[in-house]
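J.: One predicted model, sequence on top.
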Amino acid sequence: MSILGYLLSGSLLKKAKKSTHDARQQQGEKADQLFQQAYDSFSSISESSSNYSDTLYYWGFSLLHQAQTKSSDEAIKLFEEAINKFSFCKNITPKHLGAAIDGGVALLGLAKIKLVDLNNELYSKAKESFETAEKIQLGSASYNLACIYALQNKADACLNALENARDHGLVPDEQNIINDSDLQNVKGLFWFAEYITSLSDTEVKEVKKKVEKDNNKTETVKSDQ
């Protein structure tokens, strides 16, 4: 690819990411217009671009977040498109952490909106995608796995996954965990309150702060490319 082509693809990707960011701050028709602007920019980036795997990832990321604002058939279509983008991304870059995590999130979202049985392959594929993320970076998808285990009433596996997420500093804030409907089946168990309390430990907070700082640095580098 020529220098001009590289610069153009980088500019388009940056524009698409900004449109996605702005769309997430809006609602309704305004948000949909901004998401469409992002998709138009993504689709203009050449497949020969050196950052095409990241293009596919952020494209899927945009579709995923728009899907989460929709219901019924419209949401299903967006979730399926997001899953396809993440899959293509992983074909190009098998160890793409974002595609592995958000691919699992999209599969989980699709399973929920379709109201499929917990033994459905969508849940199995979501779990598989999170496990792939764990192989790339320990703790990165432990919380997501905990949610699946909770939905399936696998309390011990859920606790182990939650502890792993905590120990790697990759766990949501306490209130978000308490309000997470995916964890409903384990919230009444004896260990849940103790787990929430453990998140207040200074050491845990320091680990989480360091991880967030490292992630922000990585995102800044990606954004500048």
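T.: Good, I have the coordinates.

J.: which stretches of this protein aren't confidently modelled?
T.: 1-8, 202-225 (pLDDT under 70).

J.: For it, just list every one of the helices.
T.: Secondary structure of the chain (DSSP state H): helices at 3-24, 28-43, 52-67, 72-92, 97-114, 121-136, 142-151, 155-167, 174-179, 190-198, 202-224.

J.: Is it possible to get a markdown table of those that adds mean neighbour count?
T.: Where you see a C-beta, it was placed from the backbone N, CA and C, and this is true even at glycine. Compiled in a markdown table, the helices of the chain are given as follows (neighbours: other C-beta atoms under 10 Å):
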| stretch | mean neighbour count |
| --- | --- |
| helix 3-24 | 17 |
| helix 28-43 | 17 |
| helix 52-67 | 24 |
| helix 72-92 | 19 |
| helix 97-114 | 23 |
| helix 121-136 | 19 |
| helix 142-151 | 24 |
| helix 155-167 | 19 |
| helix 174-179 | 13 |
| helix 190-198 | 13 |
| helix 202-224 | 12 |
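
J.: contacting residues around the spatially most central residue of the chain?
T.: The C-alpha lying nearest the average C-alpha coordinate of the chain belongs to residue 102 (C-alpha atoms, centre = their mean; 3.0 Å). Residues near residue 102 by C-beta atoms under 8 Å, 6 or more residues apart in numbering: 57, 60-61, 64, 82, 86.

J.: any idea how far it lies from residue 186?
T.: For residue 102, the distance to residue 186 (C-beta to C-beta, to the nearest Å) stands at 24 Å.

J.: How about residue 111?
T.: Distance from residue 111 to residue 186, by C-beta to C-beta: 19 Å.

J.: do the same with residue 134
T.: In terms of C-beta to C-beta, residue 134 sits 20 Å off from residue 186.

J.: Show me how the protein divides into domains.
T.: By the assignment in automatic domain parsing, the chain contains the domains 1-136, 138-225.

J.: Next, count neighbours for residue 119.
T.: Residues near residue 119, counting by other C-beta atoms under 10 Å, number 8.

J.: Give me the distance between it and residue 9.
T.: Distance, residue 119 to residue 9, using C-beta to C-beta: 42 Å.

J.: Next: residue 97.
T.: 21 Å.

J.: cool, residue 173 as well?
T.: The separation that residue 173 has from residue 9, given C-beta to C-beta, amounts to 36 Å.

J.: Next: residue 79.
T.: The gap separating residue 79 from residue 9 is 26 Å, by C-beta to C-beta.
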